[in-house]
Structure formats: C-alpha cells, structure tokens
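**Student:** here are the coordinates; sequence isn't available:
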C-alpha cells in the first residue's frame, strides 16, 4: 500500500457541495395589477436554482419550483414590498374533515380549505372502516348474509 499512500498525498479528494433538493414552494402574495405580478415574477426568476415560476393572480399564489430554500424565496418575495406568507391552504379533497369550522376559510380560493391539524384524522383514534364490518376476517360481522 506504499504506492497508494504516496499518491494520496498528491491527490486530495474534496467532497462536493451537496445540492439542495428539488422542491416546490407555494407562497400567498396579494397582487392587484400586472406590475405587481411582473415585479414578483422577476424577483424570484433571478434567484439561483429556480427552474420554474408560476404566478396566479386570481388565487394570489406564486409557485416556485427548483433547487431553492423556501425561506429564501419568501424573503425575496417580501423584498418587493408585498406582504407574503407560505400558502396556508390545501385542496379540500385531501383533508379528512374539510367542513369543520377550523378548516373553513372565507378568503380561501374555491376548492381549498385551511391546512389545520384538526382537519386531519387522529392517528390514535378509533376509526372503523365500513369495509371491515362485512369482511370474512371479522368474526363479529353481520350474520344476515
């Protein structure tokens, strides 16, 4: 192993920088006109690692896809002078209980509800599935059949 030790002194292996994971960042930004939309789009497009920017003025939503950090994107949008925060809504069909008072939001776009913990099912709760009521594996199943 003398030759390998000798050569390793001349060639040092430096670890490469880890690349940020590809992610999608959704931000709620109030935009009233084309100028606001253009300002927000240009500020985010010039960031390093951004692959795609989608601005939806009707929903007040900016979607950024790329190798970026979510907090840096949020700060960049806020630097335009607009009030911005992370997208607080999820689609109502992805939530177990979309009609509870804590999940409903009047300001949410159509088809969306607030992303709250109460709208999600309790993982420790007792949740009987209807399909298990009539299965052959359940000894207490309905005997009418």
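**Tutor:** Looks like it came in fine. Only a predicted model underlies this, so the values are computations on that prediction, with no experimental measurement involved.
**Student:** and residue 51, what pLDDT?
**Tutor:** We have a pLDDT of 93 for residue 51.
**Student:** Once you drop chain neighbours, what's closest to residue 30?
**Tutor:** Spatial nearest neighbour of residue 30, excluding adjacent residues (CB to CB, 6 or more residues apart in numbering): residue 60 at 5.4 Å. Heads up, the C-betas are built off the backbone N, CA and C, glycines and all.
**Student:** Please list all residues in contact with that neighbour.
**Tutor:** The contact partners of residue 60, taken as CB atoms under 8 Å, 6 or more residues apart in numbering, are 28, 29, 30, 31.
**Student:** Out of those residues, flag the one nearest to residue 94.
**Tutor:** residue 28 (17.6 Å; CB to CB).
**Student:** Show me what residue 65 is bridged to.
**Tutor:** Residue 65 has these beta-bridge partners by DSSP bridges: residue 24, residue 52.
**Student:** next one: residue 91
**Tutor:** When bridges are called by DSSP bridges, residue 91 pairs up with residue 112.
**Student:** Show the contacting residues for it.
**Tutor:** Residue 91 makes contact with 111, 112, 113, according to CB under 8 Å, 6+ apart.
**Student:** and the gap between the last one and residue 39?
**Tutor:** Looking back up the chat, that one is residue 113. 30 Å (CB to CB, to the nearest Å).
**Student:** Same drill for these two, tell me which one is more crowded.
**Tutor:** Counted by other CB atoms under 10 Å, residue 113 and residue 39 do not tie: residue 113 has more neighbours, with 23 against 16.
**Student:** got a list of what that one touches?
**Tutor:** Here residue 113 is in contact with 89, 90, 91, 92, 95, 98, 103, 104, 105, 119 (CB under 8 Å, 6+ apart).
**Student:** Domains in this protein, by residue range?
**Tutor:** With domains defined by the TED database, the chain comprises 23-86, 90-140.
**Student:** Among those domains, which one carries the weakest average confidence?
**Tutor:** domain 90-140 (a mean of 66).
**Student:** shouldn't residue 85 be in contact with residue 25?
**Tutor:** No - counting by CB atoms under 8 Å, residue 85 does not reach residue 25; the two are 11.7 Å apart.
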